[in-house]
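Trainee: Prediction below, plus the sequence it came from.
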Amino acid sequence: MKKFFSGFFLVTTAILSSCIQNEPMNAECDIEVAKITKVDNKEENSKDLVYNESECIKEIASSDSIIKFFYAPGKSNVNELLKKVCIEFTTTAGATIKPINGSEQDFSENKKVKYTVTSEDKQWKRDYYVQFLPIEPVQTILSFEDFELEDSKDPRYYNWYEVLDDNYIHYQWASGNPGYKISKSSAKIAEYPTIPVTPAEFETVSGNAVKLETRNTGAFGAMVNMRIAAGNLFIGTFDVSNALKDAMAATRFGKPFNKKPVRLEGYYQYAPGEKFQDKKGKEVVGRIDEPDIYSVFFKNTDENGNSVTLQGDDVMTHPNIVALARLRNHETVHYGLGEWHYFSIPFDYLSEIDKNTLDSYGYSLTVVFTSSIEGATFCGAPGSQLYVDEVKVVWE
């Protein structure tokens, strides 16, 4: 009996060992988190380098290959501090990184430092570029003049950007277009939910405008219970890696802003689609779709100093919201295409602003447009169209 148990133990151990040995190595090679740990050999210098302490730690979307840290304009001695910066990276399981993780690097003079991540199985590599730049505050004159096709082997959708005084390209806009490319890969460029329009195509207020249209997502969209994609454009970022598993978390609203906004102004035209449908694709009889145009001003850290970014499920309800300007709260929506309607919406303040927090970019601002007011939950009328042009955030 003793020999039996000894033999059983040896066989069991061999089987378990074999299972462990045969477990495939991880093929992922992503950076998930980047954290500034030391500046000029001192941990306490980390928070003094960036514009806000929360900027020391960044969660990195799987679609991002450029990692930017921001410091406040005019910060003294910044170039000297940037010569000795240590960044600790959290990578996918088993992956390795070069240069050595946490090693001191020179980021002065806006240098881009290249990091290469190698997967655990050594079969895959991915390059990241890390850079420190003066903070890019929200641009508030929004005319939609500048846009470009996505940078890919098969470009299908447009991205919008703002050109600053020194011709620096500032990417503050995002849309759900990347998610639509996943759900309906056969769509042509003009069939995407958010596209530019020129004066030759549509009579604009001035120069180019933007068109947002609620679109069907086809068979794949129906399979994952995301039957429509509302046209949307917002100040923030879109994490395409989350588009299917957590659509609300994919939309990340807001960019740092150090002014007090008082009004949201601009022009729009809107025509609802014929049939409003719920998330299951069933028509809601008598329901007429409507657009949503709004701006949210919010504190971008919590009580513990952690970074706060609004998402699709809390952009109207998060406790950090300080002020909101929303079209439907102040004006009756005009329906029908052919005439531009001017809007001027005041910001309704829920709490007072702290000037020190404001001066240190401790607040963020987003501006949002969508062709279906419930589009975030995949409810709306396919064919609903919203045109927007010459928008401006007025601040004190």
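Mentor: Sure, I can see it. Model, not experiment: these values are computed from the prediction.
Trainee: Please make it C-alpha for all contacts and neighbour counts, starting now.
Mentor: Will do.
Trainee: next one: phi and psi at the most centrally placed residue in the chain?
Mentor: The residue lying closest to the centre of the chain (Cα atoms, centre = their mean) is residue 237, at 1.4 Å. Phi and psi for residue 237, reported as degrees, to the nearest 10, are phi -140, psi 160.
Trainee: Residue 29 too?
Mentor: phi -140, psi 60.
Trainee: Isn't it up against residue 122?
Mentor: No. Contact criterion Cα atoms under 8 Å: residue 29 and residue 122 do not qualify, at 9.3 Å.
Trainee: give me every residue that touches the nearest residue in space to residue 300 that is not next to it in sequence.
Mentor: Using Cα to Cα, 6 or more residues apart in numbering and skipping residues adjacent in sequence, the residue nearest residue 300 is residue 308, 4.7 Å away. Counting by Cα atoms under 8 Å, 6 or more residues apart in numbering, residue 308 touches 299-302.
Trainee: how near is residue 308 to residue 50?
Mentor: Separation of residue 308 from residue 50 (Cα to Cα, to the nearest Å): 16 Å.
Trainee: rewinding a little: beta-bridge partners for the residue nearest to the centre of the chain, please?
Mentor: residue 252 (DSSP bridges).
Trainee: Go through the contacts of residue 308 and name the one nearest residue 177.
Mentor: Using Cα to Cα, the shortest approach to residue 177 within the contacts of residue 308 belongs to residue 300, at 25.6 Å.
Trainee: Residue 279: neighbour count?
Mentor: 17 (other Cα atoms under 10 Å).
Trainee: shouldn't it be in contact with residue 225?
Mentor: Yes. Counting by Cα under 8 Å, residue 279 touches residue 225, with 6.8 Å between them.
Trainee: What count of nearby residues applies to the residue nearest to residue 251 when sequence neighbours are not counted?
Mentor: Closest residue to residue 251 apart from its sequence neighbours, by Cα to Cα, 6+ apart: residue 238 at 4.9 Å. Neighbour count for residue 238, taken as other Cα under 10 Å: 25.
Trainee: One more: residue 129?
Mentor: Count around residue 129 with other Cα under 10 Å applied: 15.
Trainee: Quick check: it touching residue 107?
Mentor: No. Assessed by Cα under 8 Å, residue 129 is found out of contact with residue 107, at 10.9 Å.
Trainee: Find residues that contact each of the two.
Mentor: With Cα under 8 Å, 6+ apart, residue 129 and residue 107 have common neighbours residue 113.
Trainee: Which element is encountered next along the chain beyond the helix or strand residue 115 falls within?
Mentor: If you go by DSSP states H and E, residue 115 is part of strand 112-118. Downstream of strand 112-118, the first helix or strand assigned by DSSP H and E is strand 125-134.
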